[in-house]
Structure formats: structure tokens, C-alpha cells
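*Asks:* one predicted model, sequence on top.
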Amino acid sequence: MVRHVRRHARRLCRDAAALGLEAPGEEMLVTALRALGREAFGAGAGIVRLALRPGPEGPPATLQAGSTRALGAEPVVWRAILFSEPHPGERLPAGAKHEGTAIYEAARAAALRAAADEALLVDASGLLVEGARTNVFVVRRDGALVTPPLGSGAVAGVAREIVLERVLDAREDDVPLAALAEAEEVVLVNAVRGAVRLSELDGRPVGRLGSATWTKRLRALLLSDPAPA
């Protein structure tokens, strides 16, 4: 079983169209994702990735390229660094995930060198945008659950979509860097890892000690989310 398989297929179709590519149909993508997972892992756990690329003559022709890798172990809570380079900001089309954005690779490499699990990216004005491999949700002192808007340049991740769709308290809003230090809880989400609590940023504690209420709630949500109709 590929978790959130239909959401992934629809997202791939949506992003391909936004980038001027003609994607195969949703059912074909669902079948391809499931076949990748079945061939590589059987009933086990792992990561499958399906990419669409322009053909030799350019858009709209596309080629499918699939890859897999082991899931690997992750700590229960993550530590992050603040990446030194500013996030480039809004990209066109907003929210689309595509290759060729070198800042994510550089940020992930910086996190690895620092023995951290993630790198957070902030724009030139000091607003949080996203993680190098996650979307970020911040629980403010007033109880609001917020994530940076897509207009900031954040990728429209599948896990982010699920949280905003199914959690009435969740909304988009600007998140100044200073808000992280004052947050009750900071939750990192992606479709592979689900939801994990951020415990440290650049070696300093983040969130109220022991607070994981929203992390647990979002983790359960992301594990149980049904396929959209």
C-alpha cells in the first residue's frame, strides 16, 4: 500500500499542468506508484518517488522516472538548524514541487554536517517559509495552528494539504522567525514521516518542554487520512 497514493497522483498531475507538462492520467500514476512500492518492498516499508520530465522535444511530452529507497530510522523528535542562505521566495507556479531548486540540497547538506535532522529556511525579510524536506506548523501561545502561506515560496506538500483540509484550527499565516522562540509547539510534516516535533533550533530548545499535543494529533491524522474522492 502506498500511503496517500491518490493525493500524490493528483498532486503530480496538478504540478505537471502548472509547469506546462502533460501528465499521464491519475489512474496510470496510481498504478505506477503501487507497482514501484510492490516491486521494491513487497509488504515492507520504503519510499517511492515518481517524477515527470519533459521529453526530448520539450513540453508537453513527458517521461516517467521512478525511484525507491529504504525508509531508514528517524528520531522521535528532530533537531534543526537555521539555514544561512535566504529562501528565494515565491516561485512560479506557487506551491509546485519541481527539481532544480539547489537551495534544498544545500540546506539538507548543511543539516547533515551539523548532525541535525532538518534545516529551516527563512526569506530575506525574516519570515519562515519551510523546511528543506518538510512543511512547518507552529502552535502559537494563543493556541492557533499556523503554517507559512504558499505565496512565501513554500512547497504545497501532501501532508500540509491534509492538515489544512481536515483540521479546522489550522490556517495559513506569516510566521516571523521570532515566533519560533515563543511557540508552544513546532511540528514538521511530510507525507513520508508524518508529523514530528521540533525540539531544538540551532541548539536552543523550541516549544514548551514536553508539549507534543499537536504532534500526536497530526501524526494520527496523517496515518489515517483516507484517499480523497
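*Replies:* Okay, I see it. Numbering: from 1, shown residues only.

*Asks:* looking at this structure, which helix or strand is least sure?
*Replies:* Within the chain, no helix or strand scores below strand 62-70, which has a mean of 65 by mean pLDDT, DSSP states H and E.

*Asks:* could you identify the helix or strand that succeeds that one?
*Replies:* Counting by DSSP states H and E, the element after strand 62-70 in chain order, helix or strand, is strand 77-82.

*Asks:* what packs against that following strand?
*Replies:* helix 102-113, strand 118-122, strand 194-201 (3 or more Cβ pairs under 8 Å, 6 or more residues apart in numbering; DSSP states H and E). (Glycine included, C-beta is placed from N, CA and C.)

*Asks:* next, the buried residues of the last one.
*Replies:* So that's strand 194-201. For strand 194-201, the buried set under the neighbour-count rule, 16 or more other Cβ atoms under 10 Å, comprises 194, 195, 196, 197, 198, 199, 200, 201.

*Asks:* who does it pair with, and is each partner parallel or antiparallel?
*Replies:* Strand pairing for strand 194-201, using DSSP bridges, gives strand 77-82 (parallel), strand 185-190 (antiparallel), strand 204-205 (antiparallel).

*Asks:* now do it against strand 118-122, angle only.
*Replies:* Relative orientation of strand 194-201 versus strand 118-122 (axes from the mean of the first three to the mean of the last three Cα atoms, to 10 degrees): 80 degrees.

*Asks:* scan the protein for its longest helix.
*Replies:* The single longest helix within the chain, with elements called by DSSP state H, is helix 26-41.

*Asks:* only alpha carbons, please: show that one as PDB.
*Replies:* Output of helix 26-41 as PDB, limited to C-alpha atoms (Å, rounded to 0.1, in the frame of the first residue of the first chain):
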ATOM      1  CA  GLU A  26      -4.400   9.800 -12.400                       C
ATOM      2  CA  GLU A  27      -5.100   6.100 -12.600                       C
ATOM      3  CA  MET A  28      -1.900   5.400 -14.500                       C
ATOM      4  CA  LEU A  29       0.100   7.300 -11.900                       C
ATOM      5  CA  VAL A  30      -1.600   5.400  -9.000                       C
ATOM      6  CA  THR A  31      -0.800   2.100 -10.700                       C
ATOM      7  CA  ALA A  32       2.800   3.100 -11.300                       C
ATOM      8  CA  LEU A  33       3.300   4.200  -7.700                       C
ATOM      9  CA  ARG A  34       1.800   1.000  -6.300                       C
ATOM     10  CA  ALA A  35       3.900  -1.100  -8.700                       C
ATOM     11  CA  LEU A  36       7.100   0.600  -7.600                       C
ATOM     12  CA  GLY A  37       6.300   0.000  -4.000                       C
ATOM     13  CA  ARG A  38       5.300  -3.600  -4.500                       C
ATOM     14  CA  GLU A  39       8.400  -4.400  -6.600                       C
ATOM     15  CA  ALA A  40      10.900  -2.800  -4.300                       C
ATOM     16  CA  PHE A  41       9.400  -3.500  -0.800                       C
END
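
*Asks:* pull the distance from that helix to the chain's centre.
*Replies:* Put simply, helix 26-41 sits 20 Å off its chain's centre (Cα atoms, centre = their mean, to the nearest Å).

*Asks:* what's it packed up against?
*Replies:* So helix 26-41, by 3+ Cβ pairs under 8 Å, 6+ apart, packs with helix 5-18, strand 46-54, strand 62-70.

*Asks:* let me see the domain layout of this structure.
*Replies:* Residue ranges for the domains of the chain, per automatic domain parsing: 5-70, 77-224.
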